[in-house]
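A.B. asks: Next input, structure requested:
(one chain, ligands or ions: 1)
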Amino acid sequence: MASLKRWSTRHANGLEALYRRFEAGFVALNPLWRRFGFERAEGPVVAVEQAAKGLLFDCRMCGQCALSATGMTCSMVCPKNLRNGPCGGVRQDGHCEVDPDMVCVWTEAWTGAQTMRDGVARICEAQPPLDWRLAGRSSWLAVARRAAGTN
Ligand code: SF4
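C.D. replies: Here you go, the predicted structure:
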């Protein structure tokens, strides 16, 4: 799992480009999501999203995906769930102060961001506080809902 996560960070640029295409396709299916019902689609879409992003990013299904702003590295893997950069405890070797065996997710995020078009600018943007009521819900459907003007 850790090696796949690292692979995703190393290929952040390609994955982001792929994700942009996927997102456009997913949003283009809005007539279908509307007909089926966004709420009814939640269960099956969550299952697929969790499986795909779990494998590639160790996704924790926060419901407010920020991967494209964090070098395609999931910041929710941070033991402190920090979404706006590292704490002051990153070790000199770039590892986590809570889990010394783990590379700090923000060390990885910075590596990934540097490979991405706009990655460095995006990682410097402040992320809003996490809304825990959305945990477990689909970020993909949230994007589609926003495009459809239904939330
Ligand atoms: S930011 Fe949230 S939705 Fe995106 S990969 Fe991490 S836990 Fe999953």
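
A.B. asks: Tell me if I'm right that residue 95 and residue 108 touch.
C.D. replies: No: using C-beta atoms under 8 Å as the test, residue 95 is too far from residue 108 to be in contact (10.8 Å). Where C-beta positions appear, they are placed from N, C-alpha and C, glycine not excepted.

A.B. asks: who's more crowded, the two?
C.D. replies: Ranked by neighbour count (other C-beta atoms under 10 Å), residue 95 and residue 108 place residue 108 first, with 25 against 16.

A.B. asks: What helix or strand is the more buried one located in?
C.D. replies: Here residue 108, judged by DSSP states H and E, is contained in helix 105-115.

A.B. asks: Also residue 80?
C.D. replies: Using DSSP H and E, no helix or strand contains residue 80.

A.B. asks: What about it, how many residues nearby?
C.D. replies: 13.

A.B. asks: For it, give its distance to residue 17.
C.D. replies: Per C-beta to C-beta, to the nearest Å, residue 80 is found 30 Å from residue 17.

A.B. asks: Please apply the same query to residue 63.
C.D. replies: Using C-beta to C-beta, one obtains 24 Å as the distance from residue 63 to residue 17.

A.B. asks: For the lowest-mean-pLDDT helix or strand in the chain, which helices and strands make contact with it?
C.D. replies: Least confident helix or strand, the chain: helix 2-10 with a mean of 86, by mean pLDDT, DSSP states H and E. If contacts are counted by 3 or more C-beta pairs under 8 Å, 6 or more residues apart in numbering; DSSP states H and E, helix 2-10 sits against helix 38-57, helix 105-115.

A.B. asks: deepest of those helices, which one?
C.D. replies: For these, the largest average neighbour count (mean count of other C-beta atoms under 10 Å) is found in helix 105-115, namely a mean of 22.
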